[in-house]
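A.B. asks: coords below, sequence missing:
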């Protein structure tokens, strides 16, 4: 079988990664449709040796489209994904618009691929920091239920789009040159700075990014008993998120057991060389599909050896966004 | 009274901050002695409008010196601080050489100034990440004993000296220019990268920086019952450390109570404007003596409202090093 695939938001940072992945993974599509805003419509893009004209995303874009990968922002998804689904297109949506809807599966293929089958036309791709954090936690939780998780993130600017990546580069150069800087994508300077994640703060004091980690983990693990607290922070890195994750399990869990479980886990590569002080880093995770995991050690502040600390790094644009969505599409084709 | 003060390691990043602080705080010294390695000996430095010739640090440097501020590395301290102490000089040592010695007080003036009086010639200045993390925790612990603390740090490169700050700047420029880079101070690239702290890893999997947080906090709080786990990480920031701190107290603790306590606390400034997404950042903390504290919120993953999350930023070279040492010296003069 072959498939007609549309990409909504093809000019964005995630859209570009969709293309690279579909090509390198030989996705079995017969036709592609490249969709974007009217601003980009009419422009030409080369993909897998063929030229494509970008079309404006409209309500009529989805006739004959089997699968649509959406990464054009929440409001675009909210409007167009239901229209596409009504026409029989299966939408894999990278926005947060539908993630918490009861009838929309929220899927990380390494964790809950079976949820895909329950879709009613829309499948949601989880948030980047959730995916990167919990891919390596799932294989542990499955054998020894997680009680509590304390996460602090070190997030790249790419989650705010390619403009944010350009801003980091240009602003850094300007700071080095002693020039005045005027942040535009972010409210605060990102060059040589660190700031609390730029999403809105709710009444409980947590920002939206932090609550995504809580709610999405519960839904994906289908376990609402896990106590989760999270602090989301941006660092001056281009496209890989790191996370410091503190885990409390129900039963004792030794670091050696974690290593064993993660060695067999899909989507995970262990990088944990204490002797050479070599652990997961953005420069190594960037461009990789796997989540790198290291600093696997007993948390001695939790009784009975039930605590484990890990440190992870994952490419925000790949496993944190485009790759996970393409993997969902691949599961659909199975 | 006036005092003869020596500064050992005057040419280093912390040494330079010693000078700036002694001048702006009108430290009541009659004479200063600037000490450094033979490499710098003979050079001239201007301080408070007077020229000083840098002298080589030797065993004879401490005749007639009342107070010596040391920041020349652990091995220099180990050798020369006891020699100075034997001559009657009171050493305030910024290295880790004596911090865990039973007869050496380890002091943060906002927390345990009374410990200063027990000195036998050497007073130790705590590690930067310990000071910055626990100055705002102490006022809380005092009214509601801390049971457990989970810390993830976002540490500037300045802890590795001014060469590290230069490396970050030059390397960042080279990366932006597409040039090959060769890390020198750090093992790993620091530009647009994040890496696990560059101190040695012990048998338990924790690096030295992380264990300093554990052991120094116990000693400074004089409470060895607190369970502490820590993950120390370097980020591409020049001189301010940030920390994500998760606190579990014995009794319920509301965010409003934390705000009240920290409003009255010395050495702390609250920066916690949720509406404008304005929280502690390196660009604001740099050059400030106070620790900035924000993101004060209930940790809902701990039962009975006994959990609090905070986010702090503090200048590594000031309160994290030179300022704390100068404050100790000022306490000595009282």
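C.D. replies: Arrived safely. Just so we're clear, the structure is a prediction, and the values are computed from it rather than from any experiment.

A.B. asks: Point me to the helix or strand that includes residue A:133.
C.D. replies: helix A:128-134 (DSSP states H and E).

A.B. asks: Show me what from the stretch 51-200 of chain A comes close to chain B.
C.D. replies: Residues of the stretch 51-200 of chain A lying close to chain B (CB under 8 Å from any CB of the partner chain) are A:148-150, A:152, A:154, A:168-169, A:172-173, A:176, A:187-189, A:192-196, A:198, A:200. Placement of C-beta: from N, CA and C, glycine included.

A.B. asks: Recalculate using a threshold of 6 Å.
C.D. replies: Residues of the stretch 51-200 of chain A that fall close to chain B, judged by CB under 6 Å from any CB of the partner chain: A:148, A:150, A:152, A:154, A:172-173, A:176, A:189, A:192-196.

A.B. asks: Tell me the buried residues within these.
C.D. replies: Those of those that meet the buried threshold are A:148, A:150, A:152, A:154, A:172-173, A:189, A:192-196, by 16 or more other CB atoms under 10 Å in any protein chain shown.

A.B. asks: Output the below-cut-off pLDDT ranges for chain A.
C.D. replies: For chain A, the stretches flagged by pLDDT under 70 are A:1.

A.B. asks: try 90 this time
C.D. replies: Applying pLDDT under 90 to chain A flags the ranges A:1-2, A:334.

A.B. asks: how about the helices in it?
C.D. replies: A:13-24, A:74-86, A:128-134, A:138-141, A:162-176, A:208-221, A:255-263, A:282-285, A:323-333 (DSSP state H).

A.B. asks: Need the winner for burial among those.
C.D. replies: Comparing the helices of chain A by mean neighbour count (mean count of other CB atoms under 10 Å in any protein chain shown), helix A:128-134 ranks first with a mean of 27.

A.B. asks: about what we covered before: with the residues of the stretch 51-200 of chain A next to chain B in mind, which one is nearest to residue A:2?
C.D. replies: residue A:154 (41.2 Å; CB to CB).

A.B. asks: who's in contact with the closest one?
C.D. replies: Counting by CB atoms under 6 Å, 6 or more residues apart in numbering or on different chains, residue A:154 touches A:235, A:242, B:194.

A.B. asks: Which residue, other than its chain neighbours, is closest to it?
C.D. replies: residue A:242 (4.0 Å; CB to CB, 6 or more residues apart in numbering or on different chains).

A.B. asks: How many residues are close by the one you found?
C.D. replies: Other residues near residue A:242 come to 32 when the count uses other CB atoms under 10 Å in any protein chain shown.

A.B. asks: For it, list each beta-bridge partner.
C.D. replies: residue A:154, residue A:313 (DSSP bridges).

A.B. asks: Kindly report the same for residue A:207.
C.D. replies: residue A:201.

A.B. asks: In contact with it: list those residues for me.
C.D. replies: A:197, A:199, A:201.

A.B. asks: follow-up on the earlier one: please report how far the residue nearest to residue A:154 lies from residue B:199.
C.D. replies: Distance of residue A:242 to residue B:199, computed by CB to CB, to the nearest Å: 18 Å.

A.B. asks: Likewise for residue A:19?
C.D. replies: Taking CB to CB, one finds residue A:19 at 42 Å from residue B:199.

A.B. asks: just residue A:264 next, same as before
C.D. replies: Residue A:264 is 31 Å from residue B:199, by CB to CB.

A.B. asks: Next: residue A:83.
C.D. replies: Counting by CB to CB - residue A:83 and residue B:199 are separated by 56 Å.

A.B. asks: Could you do residue A:122 as well?
C.D. replies: Applying CB to CB, the value for residue A:122 to residue B:199 is 48 Å.

A.B. asks: between these two, which one's more packed in?
C.D. replies: residue A:122 (23 against 18).

A.B. asks: what's near enough to touch the more buried one?
C.D. replies: A:81, A:85, A:91, A:93, A:98, A:104.

A.B. asks: Then residue A:62?
C.D. replies: Contact partners of residue A:62, counting by CB under 6 Å, 6+ apart, are A:84, A:87, A:89.

A.B. asks: Look up the closest residue to it, ignoring the ones flanking it.
C.D. replies: residue A:84 (4.1 Å).

A.B. asks: Verify the stated contact: that neighbour with residue A:67.
C.D. replies: No: if you go by CB atoms under 6 Å, residue A:84 and residue A:67 don't touch, sitting 9.7 Å apart.

A.B. asks: any idea how far the closest residue to residue A:327 other than its chain neighbours lies from residue A:127?
C.D. replies: Residue nearest to residue A:327 in three dimensions, not counting chain neighbours: residue A:109, with 4.4 Å by CB to CB, 6+ apart. In this view, residue A:109 and residue A:127 are 16 Å apart by CB to CB.

A.B. asks: Unless I'm misreading it, residue A:30 sits right up against residue A:65, doesn't it?
C.D. replies: No: counting by CB under 6 Å, residue A:30 does not reach residue A:65; the two are 11.3 Å apart.

A.B. asks: for residue A:65, what are its contacts?
C.D. replies: A:4, A:6, A:89.

A.B. asks: tell me which strands and helices the helix holding residue A:133 is in contact with?
C.D. replies: helix A:208-221, strand A:240-249 (3 or more CB pairs under 6 Å, 6 or more residues apart in numbering or on different chains; DSSP states H and E).

A.B. asks: Same list, these, but as CSV with distance to residue B:42 please.
C.D. replies: Converted to CSV, the helices and strands packed on helix A:128-134 look like this (distance: least, CB to CB, whole Å):
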stretch, distance to residue B:42
helix A:208-221, 55
strand A:240-249, 46
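
A.B. asks: OK, contacts around residue A:110?
C.D. replies: Counting by CB under 6 Å, 6+ apart, residue A:110 touches A:135, A:266-267.

A.B. asks: Can you report how many residues lie near residue A:203?
C.D. replies: Neighbours around residue A:203, by other CB under 10 Å: 6.

A.B. asks: now the one 3 residues further on
C.D. replies: Other residues near residue A:206 number 27, with proximity taken as other CB under 10 Å.

A.B. asks: where along the stretch 51-200 of chain A do the strands fall?
C.D. replies: For the stretch 51-200 of chain A, applying DSSP state E, counting those that start in this stretch gives strands covering A:55-56, A:67-70, A:90-93, A:122-124, A:146-154, A:195-196.

A.B. asks: Using CSV, lay out those together with distance to residue A:76.
C.D. replies: Supplementary listing: the strands of the stretch 51-200 of chain A in CSV, determined by distance: least, CB to CB, whole Å:
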stretch, distance to residue A:76
strand A:55-56, 12
strand A:67-70, 7
strand A:90-93, 10
strand A:122-124, 13
strand A:146-154, 26
strand A:195-196, 27
